[in-house]
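> Whatever this is, show me its structure:
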Amino acid sequence: MASGGSTVSSGGGLAERYAAALYSHAGDQHALDLTIEQMEALGRLIDSSADLRRVLDSPLIDVHAAQRGVRAVLAAEGLGRIVQDFASVVVTNRRQRQMRAIVRAFAALVADKRGIQVAHVASAHPLSDVQVQQLRARLIEAGYGNVDIHAHVDPNLLGGLVVRIGARLYDSSLKSRLQRLQYAMKGAA
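Residues are numbered from 1 along each chain as shown. Presented below is the predicted three-dimensional model:
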């Protein structure tokens, strides 16, 4: 999957089309690296700001008011004209509810273009920096090359990890192990 098939461009979904358009435009403006940094900042901003999420999620807010609000927030956060204009287009097209999905699709497109594979890792407890580096080393040993780890906590796992890279899923969580044991015990009865 590292160099052969592109999982991002083949889907053709709305978020992927917007992401591809932004990637192309930023490249044409010779501002791709800056746009990548600022789109990452936009993703963090959406995740951390309940007020911004309310503006993006509300179908009741007037498009022009939403545009002004989003532009003001992005300008206050120091995001540049390309990202502000892009967010404004998304709002004008009444796609602001998909903004976070577009940011994720943009990150996936960037990773694909740069030959980086993204590993989504769920763990019962936050991973330390050492654990992240050990996991990255194991994934590289397993043939995944350049790996970017996106970790999040899922307390329902009880322990262990669930790692998703592309279409592959590696589940070593305690929850799954207990479920397999339960199925095995039902089969033996």
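
> Just the residues contacting the lowest-mean-pLDDT helix or strand in the chain, thanks.
The helix or strand with the lowest mean pLDDT-type score in the chain, counting by mean pLDDT, DSSP states H and E, is helix 174-188 (a mean of 84). Taking C-beta atoms under 8 Å, 6 or more residues apart in numbering as the criterion, the residues outside helix 174-188 that touch it are 124, 156-160, 162. (Glycine included, C-beta is placed from N, CA and C.)

> mind checking pLDDT for residue 109?
Confidence per residue is given as pLDDT, and for residue 109 that number is 91.

> Can you list the residue ranges for strands in the chain?
Across the chain, reading from the start of the chain, the strands by DSSP state E fall at 117-123, 147-153, 161-165, 168-171.

> Run me through the strand neighbours of the shortest one, direction for each.
In its sheet, strand 168-171 lies beside strand 161-165 (antiparallel), with partners assigned from DSSP bridges.

> Convert the strand it pairs with to PDB, retaining C-alpha atoms only.
Written as PDB, here are the backbone C-alpha positions of strand 161-165 (Å, rounded to 0.1, in the frame of the first residue of the first chain):
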ATOM      1  CA  LEU A 161      -3.900  -2.000  21.500                       C
ATOM      2  CA  VAL A 162      -5.900  -1.900  18.400                       C
ATOM      3  CA  VAL A 163      -3.800  -0.700  15.400                       C
ATOM      4  CA  ARG A 164      -5.400   0.100  12.000                       C
ATOM      5  CA  ILE A 165      -3.200   0.800   9.000                       C
END
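
> can you point me to the longest helix in the protein?
helix 32-48 (DSSP state H).

> Could you pull out the buried residues of that one?
Of the residues in helix 32-48, those with enough neighbours to count as buried (16 or more other C-beta atoms under 10 Å) are 32, 35-36, 38-39, 41-43, 45.

> which other residues reach it?
Where contact means C-beta under 8 Å, 6+ apart, the residues beyond helix 32-48 that reach it are 22-23, 26, 29, 52-53, 56, 73-74, 77-80, 82-83, 87, 99-100, 103-104, 106-107, 110.

> Check the offset of the least confident helix or strand of the chain from the chain's centre.
Computed by C-alpha atoms, centre = their mean, to the nearest Å, the chain-centroid distance of helix 174-188 equals 32 Å.

> Let me know the angle separating it from strand 161-165.
For the pair helix 174-188 and strand 161-165, the angle between their directions (axes from the mean of the first three to the mean of the last three C-alpha atoms, to 10 degrees) equals 100 degrees.

> Alright, calling it a day.
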